[in-house]
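Undergrad: A structural model of the following input is requested.
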Amino acid sequence: MQEMSDNNPYVALGKRLKQRRTDTGMRAEQMAQNFGITWGTYQRIEAGLAELLDYLEAISTALNVPLEELESLLGTETAADKMKRVDAIEALLAQSTELLRASQIDVFRTGEIIGDIVEIEIAENSEYR
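TA: Numbers count the residues shown, from 1 in each chain. Next up, the predicted model:
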């Protein structure tokens, strides 16, 4: 359960959401319906008791606040941060794939060299014939 204090970002966002709702004259039931959640869940969001991550996009729309601002307020990874992380992972995977290919080529070449050495040894030494 989330701590009930104004220092808790869930409580702060819940208060902001409630203020926005009352400013626009909407009832809690209407907001819950807009979010596609139950009225009880919506009440928990306004009270700062619910994990908001599943509802951030709907809250962003309702508050007319950029999603990144809400993510920042809650200390969650922003969409831009996620894209940077995904890009970095993809770059590492590409680099790993290239290293693996290079290693496979090296192993193949090493096998060819060993085969050539064996052929030379057999050809040059009569004891192997």
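Undergrad: where along the chain do the helices fall?
TA: Assigned helices in the chain, in chain order: 9-23, 28-35, 39-47, 56-63, 67-74, 79-124 (criterion: DSSP state H).
Undergrad: Just the CA atoms of the first one, as PDB, please.
TA: Coordinates of the C-alpha atoms in helix 9-23 are reproduced here as PDB (Å, rounded to 0.1, in the frame of the first residue of the first chain):
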ATOM      1  CA  PRO A   9       3.900  11.000  -6.000                       C
ATOM      2  CA  TYR A  10       0.800   8.800  -6.200                       C
ATOM      3  CA  VAL A  11      -1.000  11.000  -3.600                       C
ATOM      4  CA  ALA A  12       0.100  14.200  -5.400                       C
ATOM      5  CA  LEU A  13      -1.100  12.900  -8.700                       C
ATOM      6  CA  GLY A  14      -4.300  11.600  -7.200                       C
ATOM      7  CA  LYS A  15      -5.000  15.100  -5.800                       C
ATOM      8  CA  ARG A  16      -4.200  16.700  -9.100                       C
ATOM      9  CA  LEU A  17      -6.500  14.300 -10.900                       C
ATOM     10  CA  LYS A  18      -9.300  15.000  -8.400                       C
ATOM     11  CA  GLN A  19      -8.900  18.800  -8.800                       C
ATOM     12  CA  ARG A  20      -9.000  18.500 -12.600                       C
ATOM     13  CA  ARG A  21     -12.100  16.300 -12.300                       C
ATOM     14  CA  THR A  22     -13.900  18.700 -10.000                       C
ATOM     15  CA  ASP A  23     -12.800  21.700 -12.200                       C
END
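Undergrad: Can you point out the buried residues in it?
TA: 9-11, 13-14, 16-18, 20-21 (16 or more other Cβ atoms under 10 Å). All C-beta spots, glycine's among them, are computed from the backbone N, C-alpha and C.
Undergrad: what's the answer for stretch 90-107, then?
TA: Within stretch 90-107, no residue counts as buried by 16+ other Cβ under 10 Å.
Undergrad: same thing with stretch 25-40?
TA: So stretch 25-40, judged by 16+ other Cβ under 10 Å, has buried residues 28, 31-32, 35, 37.
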